[in-house]
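1. Sequence and predicted structure below; questions after.
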Amino acid sequence: MREMGDALGAFSGGSPVVLLLEDLHWADPSSVDLLRHLCHRISSLHLLLVGTFRPEDIERNNHPLKGYKADMQMHKLCEEIALDSLQLEHIVEYLDATFSPNDFPDQLARHIHDKTEGHPLFATNLLQYLSERGYIARTNEHWSLTRAISEMDLEAPESVRSMIGRKIDALAEEDRRALQYASVEGAEFLSAIVAGLLGIEEVDLEERLARLEKTRRLVVTRGEEELPDGTFTTRYRFAHALYQNFLYGDLVNKRRVMLHQQAGEQLLQHYGKRAPQIASQLALHFERGRDFSRAIEYLIHAGDNATKFYGNAEAADHYSRALDLVERLPEEAQSAAKATLYQKRGAVNMNLGRFAQSVDDYIEMLEQKDALTPDKESAAQNALAMTLFFSHRLEEMEARADDALEAAKRAGSEELRLETMTLMGLKHLCYGELNVGLPIIDEVISTARKINHKTALLSGLTWRGCLYYFQTEYERAIECEIEARKLSAELRDGFLLLTSMFFHGLSFGNLGRISEGKAILEEAILKARRNGDSFWFPRMPNCIGWLHREIQDFAGALTYDQEGLQVGRDFHVLEAEANSLINLGIDHTYAGQPEQTASVFAEAREIFKRDKWFRWRYSIRLEAASAEHWLRLGDLTKAREYTERLMAIASEMEARKYVAVAHKLRGQLAIRAGNGAAAKEEFAAALAVLERYQAPLVKWKLLADLGRLQKSEGDQAAAHSAFANAAEIVKQIAANITDESLREIFLTSAAVREVLTGAS
């Protein structure tokens, strides 16, 4: 030892020496003595010793390194660096260092991390396995994947499974049995449950697990917790899911069935009335324990739990799994179970925008005639009709709504009658028959308040707010949608929550409260993505594009409108596609690209020919945009044609903002025709509309047009007054833009600068 120390001292005299010793858990006693000797001399040497070891091996075998390490730590001669699992960013770094350069997709690192849980040895083995199988190959100086990740076999390679097998085989029989029984609970387990399965005292099990954690590193203590019945227990997890999988696979099938049944019974005993909180866990135990009735019961609870947090896709999976198990029930119990499950899955599919699947679910529910009371039949017909409405199948919807109304009459249910009335009102609104539809919606709201029927009240308020929005009564729209948002949260109705947020955000935007409107729409987009919604989400990007265009950010508007078109097409939502096409046409008009404007407008008109769902509403926007397009091109005949069509439909539907826009367009046409007096009459008519119905985004531009006309006629005082009024509105809009860069774009735009200059 002395000669080795002297030699290292001589080596380190000229320059520092780093000595790396791998796998010290295999070191013999004399090598450990040498380490101790060197550490006592190290303060006088330019020497760094680095050693690696597996802690479980020195603990398990009472290795001499164990005592040496404690002695060195006590004298502060060494520092232990415990290595944890690799995080996702570490996997990314390892990939980039090992396979450099590469063009791997981002998902590869995440898949490796998910499969190995960051275990370094498992991760490197899996990557080596992928390379050996040819899934990772070097092509043109780059490392690339030779096939899609979804097509790869990402299971643990044989080398890893063999290593795990050797580790498990080395356990004592009682330790192995304890871990096998624990594996039935899953990746995490409770000592109280496992002790019950083993038929031993919990303290004896916890002592055994503490030893296995220290010497084998197979389990990790998560902490103590109190179960609902007052039982104190300790929660553990397997150090890696592969250990749990291996141990679970070692159990014979009949033993698994018995243990799952017993584990489910124990959990029920401990949780009592709070058992639905762990519904997914109980459903798994009872399904694998072949108690299918209770498996279905808790799958329903699991689905219901998911819907409370708008986890509609997860809920649909639970209900689908339960439906798969219904055939295992006694024949006389199947119809009632199917009716319940199809109703629940139909509702979440509706929330997800999976209308075809939702329609199928409600039709299947109606097939379970033996299980349907008049109430249930009416509810199913009503839900089916609503789903058909939102999937634009209007003729089918009308027939089902009639059936729902008849069933509601047979049931004698005022609540169900109100829900059917909502459908009738929506049908008329969709066809543009507002004088018929609006009184129906108002009656629904009034009656629902009297009888405290929140479901009908939520629908009524949501769609009344929608109509207030369409008819330029934005403050009243906001009142309705705020109340609807609260109700939808209370009732956990994700679909109508997004509906109310959609019109709430748009109403704020139309009042010039740009950032507030944008924030609501962006929040709605996040919720829609999280909830898996495919109905409202595609409609939202182009709405944000509209807000950007209104504050003169034309580049931002174009980006959002292009995204909206792509999303609309990806999700096959014709309305979103048509609206995005209209917005893109307006973008091209502002950019002076008339051919592109004409092209996208023609595409939008083709969609309207195929789809009449709220066609009147989107036609209004298209007529206004078309009139502006032809006016800019100087074709006054076509501009006048579209302006008059706009005036006719906007007046009929009482869309006051667009009535004002039509007057504004008439005024611009009069200016082009050299008739200043007629132009001022039209501008005055537009301002009269906007005095009663606030639409500041339209009003400031209208005042700017008026000021420009008066200035050209030499009436400087009148022009100054018009520009000053426009400037007040502009300043209010700017004050409501919280993003400094967007506010700067707005205030420095040519249109706004003209207003501010005219006002000054």
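-> It's in.
2. I'd like the next helix or strand past the least confident helix or strand in the chain by mean pLDDT.
-> Taking mean pLDDT, DSSP states H and E as the measure, the helix or strand of the chain with the lowest value is helix 55-60, at a mean of 72. Scanning forward in sequence from helix 55-60 by DSSP states H and E, the next helix or strand is helix 64-74.
3. Pull out the CA atoms of that next one and give them to me as PDB.
-> Extracted C-alpha coordinates of helix 64-74, given in PDB (Å, rounded to 0.1, in the frame of the first residue of the first chain):
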ATOM      1  CA  PRO A  64     -16.000  -4.000   3.400                       C
ATOM      2  CA  LEU A  65     -16.600  -0.900   1.300                       C
ATOM      3  CA  LYS A  66     -19.700  -0.200   3.500                       C
ATOM      4  CA  GLY A  67     -17.600   0.300   6.700                       C
ATOM      5  CA  TYR A  68     -14.900   2.200   4.800                       C
ATOM      6  CA  LYS A  69     -17.300   4.600   3.200                       C
ATOM      7  CA  ALA A  70     -18.900   5.400   6.600                       C
ATOM      8  CA  ASP A  71     -15.400   6.000   8.100                       C
ATOM      9  CA  MET A  72     -14.300   8.300   5.300                       C
ATOM     10  CA  GLN A  73     -17.600  10.300   5.400                       C
ATOM     11  CA  MET A  74     -17.200  10.700   9.200                       C
END
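4. counting contacts, what elements does whichever helix or strand comes after it pack onto?
-> Per DSSP H and E, the first helix or strand lying C-terminal to helix 64-74 is helix 88-98. Helices and strands touching helix 88-98, as assessed by 3 or more Cβ pairs under 8 Å, 6 or more residues apart in numbering; DSSP states H and E, comprise helix 106-116, helix 120-132. The way it works is simple: take the backbone N, C-alpha and C, and place the C-beta from them, glycine included.
5. Now do helix 88-98 and helix 106-116, the angle between them.
-> With axes from the mean of the first three to the mean of the last three Cα atoms, to 10 degrees as the basis, helix 88-98 and helix 106-116 are set at 110 degrees to each other.
6. For helix 88-98, give me every contacting residue.
-> Identification of contacts with helix 88-98 by Cβ atoms under 8 Å, 6 or more residues apart in numbering yields 86, 102, 104, 108-110, 112-113, 118, 123-124, 127.
7. Quick one: mean pLDDT over it.
-> Averaging pLDDT along helix 88-98 gives 91.
8. Over to stretch 664-678?
-> Per-residue scores along stretch 664-678 average to 96.
9. Packing partners of the least confident helix or strand of the chain?
-> Partner elements for helix 55-60 (3+ Cβ pairs under 8 Å, 6+ apart): helix 64-74, helix 202-215.
10. out of everything not next to it in sequence, what's closest to the residue sitting nearest the centre point of the chain?
-> What sits nearest the mean C-alpha location of the chain, by Cα atoms, centre = their mean, is Arg530, with 1.4 Å. Spatially, and ignoring its direct neighbours in sequence, Arg530 is nearest to Tyr310 (6.8 Å; Cβ to Cβ, 6 or more residues apart in numbering).
11. Which residue ranges of the stretch 551-700 of the chain form helices?
-> 554-570, 574-590, 594-610, 615-633, 636-652, 656-672, 676-692, 696-712 (DSSP state H, counting those that start in this stretch).
12. Flag every buried residue along the longest one.
-> Counting neighbours by 16 or more other Cβ atoms under 10 Å, one finds that the buried residues in helix 615-633 are 615-631.
13. okay, now His111: neighbour count?
-> Residue neighbour count, defined by other Cβ atoms under 10 Å, stands at 17 for His111.
14. Looking at it now. What's its pLDDT?
-> 83.
15. how close does it get to Arg328?
-> 34 Å (Cβ to Cβ, to the nearest Å).
16. can you give me the offset of stretch 399-417 from its chain's centre?
-> With Cα atoms, centre = their mean, to the nearest Å as the basis, stretch 399-417 stands 35 Å off its chain's centre.
17. Show me what that stretch is in contact with.
-> Contacts for stretch 399-417 (Cβ under 8 Å, 6+ apart): 373-375, 377-379, 381-382, 384-385, 388, 419-420, 423-424, 427, 447, 451, 453, 455-456.
18. From these, which land in helices?
-> Among the contacts of stretch 399-417, the members falling in helices (DSSP state H) are 374-375, 377-379, 381-382, 384-385, 388, 419-420, 423-424, 427, 447, 451, 455-456.
19. Now which of the residues you listed would you call buried?
-> Buried, going by 16+ other Cβ under 10 Å: 374-375, 377-379, 381-382, 384-385, 388, 419-420, 423-424, 427, 447, 455-456, out of those.
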